[in-house]
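Show me the folded form of this:
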Amino acid sequence: MEPRHSQSDFGNAESEYQAATESAAIFDVSERTQLQMSGADRHSFFHGFCTNDIKGLNPGTGCEAFLCNVKGRILGHVFVFADEKSLMIESVPGQGEALTLHLNKYCLVEDVQLVDRTETLTEFLISGPRAAQLLTDTGLGITELESWQHSKLTAQVGEADSELHIKRVDIFGVSAFLITGETAQADALWDRLTNAGITPAGTSVFESLRIEAAFPVYGIDLSDENLAQEAARTNRAISFQKGCYLGQEPIARLNAMGHVNKALASFEIEATETPPVGTVLLNPKKQDKEAGRATSVAWSWSAGKPIGLGMVRSLFLESGTELPFVTEPRVTATIR
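As a prediction, this is how the structure comes out:
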């Protein structure tokens, strides 16, 4: 659904960042794609399209994965959550139609049904070191959830009971929970969470946190031109023991070769203003040669300077490497 509580900031981005890093902040991420896959063959079918082990998911567990084409290039970056009756598949906004068409193209005789529930669901991300405690204080008892575990519960939201789906994802390196409910109760759920002391935060803080954590967004940092390993999420999102799936051969072959020629990297920018997305990073020894390109930039309140993500050639991925931007005057990016 269209987010109702998403804006650049709520009056003081620095205070919102402080809440997210010292207590807990809430972000409206209701635009995220929400697909529900049901049917007796759902695990085995979806297993054949994901880089991670979907067959190994028990009810109440989840994982991060990529969907790839036959060449091992990324078609989607998804979170997958299994329960007794279905798989919930989450991705970036606007991917529902493309992912549905891709999967349905291969669904011939399998007992699988795929429904896009994006418009009927609202979702908030609560992230910060006190996220679990503050959520428990609201009566949503989830302190027992470990990373990539999830649960459903019925709670009073506004004047009605509502089924909530709570998923622990820790995407920024601290406790983080996605809370999903019905669209009709979005405002009441937001109010219940913020009234418990969880600070509303805007997109500027979200961007800062995700870049600090080197968490990519498909369509911004990644595209169908990138190989799965170029996302620098291999340990989190790719299983090399799961067996065959679409794109598995080139991904396995690349793993056997040792490394990719480029990968997503985070960097600090020695400047007071952020250079534009797309700005070229130069080879420090041969400044007529490209070393990479910025895909995301934001201000970091912890670093006191701009930070960014970008696709960088493997020769320059070592922490501390300095790469000049093709700007005048020259600005330097330092690999984190």
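
Run through the stretch 1-150 of the chain and note the low-pLDDT ranges.
1-4, 141-143 (pLDDT under 70).

So which residues of it form strands?
Counting by DSSP state E, counting those that start in this stretch, the stretch 1-150 of the chain has strands at residues 25-28, 33-38, 61-68, 74-82, 86-91, 113-116, 121-127, 150-157.

Give me the residues contacting the next helix or strand after the last one.
It refers to strand 150-157. Following strand 150-157 in sequence order, the next helix or strand is strand 160-168 (DSSP states H and E). Here strand 160-168 makes contact (CB atoms under 8 Å, 6 or more residues apart in numbering) with 62, 79, 81, 88, 135, 140, 142, 145-157, 175-182, 185, 189. The C-beta positions use only the backbone N, C-alpha and C, and glycine is treated the same way.

mind redoing it with 7 Å?
62, 81, 140, 142, 145-155, 177-182, 185 (CB atoms under 7 Å, 6 or more residues apart in numbering).

same deal with stretch 227-235?
For stretch 227-235, the external contacting residues (CB under 7 Å, 6+ apart) are 51, 64, 66, 68, 72-74, 214, 216, 222, 238, 251, 254, 260, 262-264, 311.

for Q36, which residues make a bridge with it?
Beta-bridge pairing of Q36 under DSSP bridges involves M88, V115.

Show me just the buried residues among the contacts of strand 160-168.
Buried members of those, scored by 16 or more other CB atoms under 10 Å, are 62, 81, 140, 142, 145, 148-151, 155, 177-182, 185.

Can you show me the strands along the stretch 201-336 of the chain?
262-269, 280-282, 290-300, 305-313, 322-324, 332-335.

Save the ones you listed as TSV, and put in mean neighbour count, mean pLDDT and distance to S23 too.
Formatted as TSV, those follow (neighbours: other CB atoms under 10 Å; pLDDT from 0 to 100; distance: least, CB to CB, whole Å):
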stretch	mean neighbour count	mean pLDDT	distance to S23
strand 262-269	23	98	24
strand 280-282	21	95	35
strand 290-300	21	97	18
strand 305-313	23	97	22
strand 322-324	17	95	35
strand 332-335	20	96	29
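
closest to G197 out of these?
Ranking those by proximity to G197 (CB to CB) places strand 290-300 first, at 24.8 Å.

and the closest one, how far from the chain's centre?
Its chain's C-alpha centre and that of strand 290-300 lie 18 Å apart, by CA atoms, centre = their mean, to the nearest Å.

cool, stretch 184-199 as well?
Put simply, stretch 184-199 sits 22 Å off its chain's centre (CA atoms, centre = their mean).

got the CA coordinates for it in PDB?
Extracted in PDB, the C-alpha atoms of stretch 184-199 (Å, rounded to 0.1, in the frame of the first residue of the first chain):
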ATOM      1  CA  ALA A 184      -7.300  -0.600   7.300                       C
ATOM      2  CA  GLN A 185      -5.500  -0.500  10.600                       C
ATOM      3  CA  ALA A 186      -2.300   1.200   9.500                       C
ATOM      4  CA  ASP A 187      -2.900   4.400  11.400                       C
ATOM      5  CA  ALA A 188      -4.000   2.700  14.600                       C
ATOM      6  CA  LEU A 189      -1.000   0.300  14.500                       C
ATOM      7  CA  TRP A 190       1.400   3.200  13.900                       C
ATOM      8  CA  ASP A 191      -0.100   5.100  16.900                       C
ATOM      9  CA  ARG A 192       0.200   2.100  19.200                       C
ATOM     10  CA  LEU A 193       3.800   1.700  18.400                       C
ATOM     11  CA  THR A 194       4.800   5.300  18.500                       C
ATOM     12  CA  ASN A 195       2.900   5.900  21.800                       C
ATOM     13  CA  ALA A 196       5.000   3.200  23.300                       C
ATOM     14  CA  GLY A 197       8.100   5.400  22.800                       C
ATOM     15  CA  ILE A 198       9.300   4.200  19.400                       C
ATOM     16  CA  THR A 199      10.500   7.200  17.500                       C
END
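
quick one: R117 and T33 touch, right?
No - between R117 and T33 there is no contact under CB atoms under 7 Å: 9.2 Å.

so where do the helices sit in the stretch 101-250 of the chain?
All helices of the stretch 101-250 of the chain, identified by DSSP state H, counting those that start in this stretch, fall at 131-137, 186-195, 203-212, 234-237, 248-257.

would you list the ones you listed in TSV and tack on mean neighbour count?
What follows is the helices of the stretch 101-250 of the chain, written out as TSV (neighbours: other CB atoms under 10 Å):
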stretch	mean neighbour count
helix 131-137	18
helix 186-195	17
helix 203-212	22
helix 234-237	15
helix 248-257	14
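
mind putting the ones you listed in CSV, distance to N226 included?
Below are those laid out as CSV (distance: least, CB to CB, whole Å):
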stretch, distance to N226
helix 131-137, 31
helix 186-195, 33
helix 203-212, 17
helix 234-237, 13
helix 248-257, 12
